[in-house]
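Peer 1: Prediction below, plus the sequence it came from.
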Amino acid sequence: MEEKKATIQEVIYHNDDNGYTVAVVSEGEEIFTAVGALPTVHKGKVFLLKGEWKTHASYGEQFSFTESSEIMPTSRDGIADFLSSGLLKGIGQKTALNIVSRFGEETFTIIEHEPERLTEIEGIGHIKAVAIAEAFKAHREPAEVILFFQQYDITPASAMRLYKTYGADAIRVVQENPYKLVEDVDGIGFRKADVIAEKMGMSRDDEYRIASGALYVLNISVNEGHTYLPHKLFCERTAELLEVSIDAVSDVVTQMTFSGELQIENLENRSVVFLMPYYAAEQNVCKNLVALNNATLKLIKANIDELISITENQTGKILADNQREAVVSAAKNGVCVITGGPGTGKTTIINTIMKVFDYSGLQTAIAAPTGRAAKRITETSGYAASTIHRLLECYFSEGENKMRYGRNEENPLYYDVIIIDEASMVDILLMNGLLKAIKPGTRLIIVGDADQLPPVGAGNVLRDILDSELIHAVKLTEIFRQARESLIVVNAHRIYKGEYPYCNEKDKDFFLLKKSGKHDIMNTIIGLCAKRLPDYFTDCDPIRDIQVLTPVRQKDNLLGSIHLNKELQRVLNPPSSNLAEKQLKERVFREGDKVMQIKNNYQLEWKRQDDFQTGQGVFNGDVGFIHSIDLEHNVITVVYEETKFVRYDFTAMDEIELAYAMTVHKSQGSEFPVIVMPLARFPAMLSTRNLLYTAVTRAKQAVVLVGSEKVMEEMVDNNSIIERYSGLAARLRKFLI
């Protein structure tokens, strides 16, 4: 790592929140651009920078530094120049010279530790002396915080966030409990904080360490989809992670229940442990579902069967018996679940339900978990659908640093009927937010395919509701004639029943290209996306219409989404002098790239180009396209839903990734004209029937599987479903009469 003693000549860009700085600096006769994080930056300040030279595509060679420390002047002239530079308001050149004349090289020590002595200078009273000391302190503190944390490999940007949170107490707070870093700094997880704690001399059985480890174990389980862990398993995992005794873990966990961080409950004769937000969410979802299910409903004055017949005459679509049953159930019950696979007419039922309630004068809203799913509903039904987040008027509360819903118990939704489609994607926290905003007397209709993969978030809401048998549910089983013409639909149902799909039939839409070896499979997929499929299907855009789905994300797997994205970007959107690009570590983003948001960001602002509407929030799984990359202002603009423009600062680029390929889990709620999927040896937990079923049901026009027929058959045979620890079904069953 190279060192530079750099004097700031010109500040090109500085972000006050994270310290990100682009500046022209000098070292002797050499003048160059330096890029990195600095706490405060003004012309004339001197820093010792540690980093390396990098070549920017547009701006050439730059010194990219990762460590910095301010070098304070030591000569009388240098100190006087610093004091009169404007950093310390109220000190002009004359006053600065008088201060240095009086205190010499001790000037900074006097200002910092004995500021009252400044009153010895003519023209400086007590109030001004205090103001000078406070200004000097405000200048020095963030630099000291950054310097302290650099020894623990905490980046300046992260140190700046700590300083913003705790001010001068940042060092003391972290020294007392290094695990506060996990809560307060993005990118610092338990394991990194544990290394820092060890360097600071914290003992292995310290209560702070055990508490943080316990939360880490539970948060891992949440990321795996669980809302709780069995108490015994939880203590064993935590003790193993921390290399401490199970008794030590159990004692700290008991204390954490008293402080409200955890909840221990006896659920179906088993002691279990929840993080409090998930315990509260399960309790509330259960309570509110029961209240909605038992509430008195607004009467539908007309005869339901007659309204259905009117709709059938208008649309020309005659409902099957269990479709009619689903519509009647939706009208008669406070909560109704409608579930079924592809081709069973869920869209027809939604359209019929909407019309029936329209005829009855009831106000109806329809929503889905993702923007892609909502857009598809609008296109197929003709009714305006929104995301659930938008329905609930989601916003970010900066004061609380958390997401809030504008619609809640105090400000409920005003609709008489609410339809939620793609409900298999709804996790326990989202369902909790939704149900809080629905007042009793509102009909709630939950539509989804319960045989798809469970939601990415914690819980298994749709499956739990069905398993409880408390809520009236109708399962659609008949595949309609038009749907039966598609092997996609036929094979989806065959896979669900454990039967092998039909492949490569003439003039059909389901293909298996038999290949062996990961390199052969990968190269075939690239060739399909780049040429064969666009040539075969009319008007098939290789970037927008073809989606590669894979079971895994793994960086070191040729068939994982990370590697496939690099290869697909190389052939579908190669480097060009006409396309700006930005490299961030090992990733390259280029204008025209298909990208995906990979974490919920409730603060990101968006603006529509068609109607200039603005709003906040881009969510995990949203797919868009890079519209432009502004290398001068360090901004990438991504377009979602064709008209929603979102600007990302380069420092926030870890929130998106390339999306030419994505995992099957990330594809839920979406449909694509053509899906391509590799079939190779993946972990058994990801080589399952319901994963293959979910992938196949994402396609509208064609499915192309590439790889081993034996692997495909093994996936169909593997009907093992990893248990999700979720207590909603058990809670609902308590209300069965």
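Peer 2: Now that the structure is in, tell me what you want to look at. Numbering: from 1, shown residues only.
Peer 1: mind listing what's buried in stretch 537-549?
Peer 2: Across stretch 537-549, burial judged by 16 or more other C-beta atoms under 10 Å covers 540, 542-543, 545-549. Heads up, the C-betas are built off the backbone N, CA and C, glycines and all.
Peer 1: now could you export just the CA positions of it as PDB?
Peer 2: Output of stretch 537-549 as PDB, limited to C-alpha atoms (Å, rounded to 0.1, in the frame of the first residue of the first chain):
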ATOM      1  CA  PHE A 537     -38.900 -17.000 -31.600                       C
ATOM      2  CA  THR A 538     -40.300 -13.900 -33.400                       C
ATOM      3  CA  ASP A 539     -39.700 -10.600 -31.600                       C
ATOM      4  CA  CYS A 540     -37.700 -12.200 -28.800                       C
ATOM      5  CA  ASP A 541     -35.400  -9.700 -27.200                       C
ATOM      6  CA  PRO A 542     -32.500 -11.600 -25.700                       C
ATOM      7  CA  ILE A 543     -32.200  -9.300 -22.700                       C
ATOM      8  CA  ARG A 544     -35.800  -8.500 -21.900                       C
ATOM      9  CA  ASP A 545     -37.600 -11.700 -22.900                       C
ATOM     10  CA  ILE A 546     -35.200 -14.500 -22.000                       C
ATOM     11  CA  GLN A 547     -34.600 -15.100 -18.300                       C
ATOM     12  CA  VAL A 548     -32.000 -17.600 -17.100                       C
ATOM     13  CA  LEU A 549     -33.000 -19.200 -13.700                       C
END
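Peer 1: Going along the chain, name the helices of the stretch 151-300 of the chain.
Peer 2: In the stretch 151-300 of the chain, the helices defined using DSSP state H, counting those that start in this stretch lie at 156-166, 170-176, 180-184, 190-199, 207-223, 231-242, 246-258, 276-294.
Peer 1: Could you check the fifth one and say which residues are buried?
Peer 2: In this case it means helix 207-223. Within helix 207-223, the residues that count as buried by 16+ other C-beta under 10 Å are 208-218, 221-222.
Peer 1: what's that helix packed up against?
Peer 2: Using 3 or more C-beta pairs under 8 Å, 6 or more residues apart in numbering; DSSP states H and E, the elements in contact with helix 207-223 are helix 180-184, helix 190-199, strand 228-230, helix 231-242, helix 246-258, strand 271-275.
Peer 1: Remind me what the second one packs against, helices and strands.
Peer 2: By that I understand helix 190-199. Against helix 190-199 (3+ C-beta pairs under 8 Å, 6+ apart) you get helix 180-184, helix 207-223.
Peer 1: Quick one, which of the helices and strands packed on helix 207-223 gets closest to S576.
Peer 2: Between S576 and the helices and strands packed on helix 207-223, the shortest gap by C-beta to C-beta is with helix 190-199, which sits at 38.6 Å.
Peer 1: returning to that earlier point: mind giving me a markdown table with the helices and strands packed on helix 207-223 and columns for mean pLDDT?
Peer 2: Formatted as a markdown table, the helices and strands packed on helix 207-223 follow (pLDDT from 0 to 100):
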| stretch | mean pLDDT |
| --- | --- |
| helix 180-184 | 83 |
| helix 190-199 | 88 |
| strand 228-230 | 96 |
| helix 231-242 | 95 |
| helix 246-258 | 94 |
| strand 271-275 | 96 |
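Peer 1: Reformat these as a markdown table; add mean neighbour count and distance to K89.
Peer 2: Shown next, in a markdown table, are those (neighbours: other C-beta atoms under 10 Å; distance: least, C-beta to C-beta, whole Å):
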| stretch | mean neighbour count | distance to K89 |
| --- | --- | --- |
| helix 180-184 | 19 | 31 |
| helix 190-199 | 18 | 37 |
| strand 228-230 | 21 | 55 |
| helix 231-242 | 19 | 50 |
| helix 246-258 | 16 | 47 |
| strand 271-275 | 22 | 47 |
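Peer 1: Let's have these in TSV, adding distance to I526.
Peer 2: Shown next, in TSV, are the helices and strands packed on helix 207-223 (distance: least, C-beta to C-beta, whole Å):
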stretch	distance to I526
helix 180-184	40
helix 190-199	36
strand 228-230	42
helix 231-242	40
helix 246-258	49
strand 271-275	42
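Peer 1: Relative to E393, which of the ones you listed is closest?
Peer 2: Relative to E393, the nearest member of the helices and strands packed on helix 207-223 by C-beta to C-beta is strand 271-275, separated by 25.8 Å.
Peer 1: hmm, back to that, of the helices and strands packed on helix 190-199, which is nearest K439?
Peer 2: Of all the helices and strands packed on helix 190-199, it is helix 207-223 that lies closest to K439, at 29.3 Å by C-beta to C-beta.
Peer 1: which residue packs closest to P678, ignoring adjacent ones?
Peer 2: L559 (4.4 Å; C-beta to C-beta, 6 or more residues apart in numbering).
Peer 1: Which of the three states applies to the one you found?
Peer 2: Secondary structure state of L559, per DSSP: H, G, I helix; E, B strand; the rest coil, is coil.
Peer 1: check contacts around it.
Peer 2: L559 is in contact with 518, 521-522, 550, 552, 678, 680, 682, counting by C-beta atoms under 8 Å, 6 or more residues apart in numbering.
Peer 1: how about V417, phi and psi?
Peer 2: phi -140, psi 140 (degrees, to the nearest 10).
Peer 1: Would you agree it is in contact with Y383?
Peer 2: No: the pair V417 and Y383 does not pass the contact test of C-beta atoms under 8 Å, sitting 11.6 Å apart.
Peer 1: Tell me which of these two has more neighbours.
Peer 2: Between V417 and Y383, V417 has the larger neighbour count (other C-beta atoms under 10 Å), namely 23 against 16.
Peer 1: any idea how far that one is from T296?
Peer 2: 15 Å (C-beta to C-beta, to the nearest Å).
Peer 1: so the residue in the chain sticking out farthest from the centre is in which element?
Peer 2: Within the chain, E122 marks the point farthest from the mean C-alpha position, 58.5 Å out by C-alpha atoms, centre = their mean. Using DSSP states H and E, E122 sits within no helix or strand.
Peer 1: pretty sure it is touching I99, no?
Peer 2: No: look at E122 against I99 with C-beta under 8 Å: they stay out of range, at 10.5 Å.
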